[in-house]
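>>> sequence first, then the predicted structure:
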Amino acid sequence: MTLGKGLGAGVPLAALCATEAVSVFEHGEQGGTFNGSPLMTAVGAVVLERILAPGFLEGVAESGRYLSDRLTAMVDQLGLSHERGWGLLRALDLGAEVAPAVVAYARDMLAKHPGWENQGLLLNAPRPDVIRFMPALNVTRDEIDQMLGGLRLAIEAVR
């Protein structure tokens, strides 16, 4: 199994995990710029400590449910297609190919709205009709609500 991305919480870190019976590497053979240094090891240890702390993963699951519930409410209120996903990795199907316009509006035009002065919102549209969400595992409800408020403004502006 290979691990990466979240393992370093933003710091480039990767790992390869295998039992001795199936590993084709000897200790020290598998190298790269994302592993092996004391700094990377320390970062990985801190990330694992945080993730394994009592209540952390339960909080992540609760944040995922909250985001899903809020997106489902937005689907109902704005007549969108549906939301889907697992945990904090969610997608909002807009039901129309307006996702790139929503992304552009959120990034460039949201700053014209009261409360959003000099701010934008970065969104990801992997498909023309879908907005994807991948917030940090420690995202707060207030941050989710703020993001959804900006998303609503952007969707309403381009529809």
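Sure, I can see it. Bear in mind that the values here come from a model prediction, so they are computed numbers and not experimental data. Residues are numbered from 1 along each chain as shown.

>>> find the nearest non-adjacent residue to the residue nearest to the spatial centre of the chain, please.
In the chain, the C-alpha closest to the average C-alpha coordinate belongs to residue 134, at a distance of 1.2 Å (Cα atoms, centre = their mean). In this structure, residue 134 finds its nearest non-sequential neighbour in residue 89, 5.7 Å apart by Cβ to Cβ, 6 or more residues apart in numbering. Every residue, glycine included, has its C-beta placed from N, CA and C.

>>> neighbours around that neighbour, how many?
13 (other Cβ atoms under 10 Å).

>>> tell me the confidence at it?
Residue 89 is assigned 96 on the pLDDT scale.

>>> go on, residue 30?
68.

>>> where's the residue nearest to the centre of the chain relative to residue 63, distance?
According to Cβ to Cβ, to the nearest Å, residue 134 stands 12 Å off from residue 63.

>>> need the residues touching each of those two.
Taking Cβ atoms under 8 Å, 6 or more residues apart in numbering as the criterion, residue 134 and residue 63 both touch residue 88.

>>> quick one: the helix ranked longest in the chain to chain centroid distance?
In the chain, with assignment by DSSP state H, the single longest helix is helix 56-78. Distance, stretch centre to chain centre, for helix 56-78: 13 Å (Cα atoms, centre = their mean, to the nearest Å).

>>> what comes up buried for it?
For helix 56-78, burial by neighbour count (16 or more other Cβ atoms under 10 Å) applies to 60, 63, 64, 66, 67, 68, 70, 71, 74, 75.

>>> for stretch 79-87, same thing?
Within stretch 79-87, judged by 16+ other Cβ under 10 Å, the buried ones are 80, 83, 85.

>>> which of those residues fall in strands?
Among those, the ones falling in strands (DSSP state E) are 83, 85.

>>> from the buried residues of stretch 79-87, pick the one nearest residue 45.
residue 85 (29.3 Å; Cβ to Cβ).

>>> and that closest one, how far from residue 91?
5 Å.

>>> and if you look at residue 144?
Distance from residue 144 to residue 91, by Cβ to Cβ: 15 Å.
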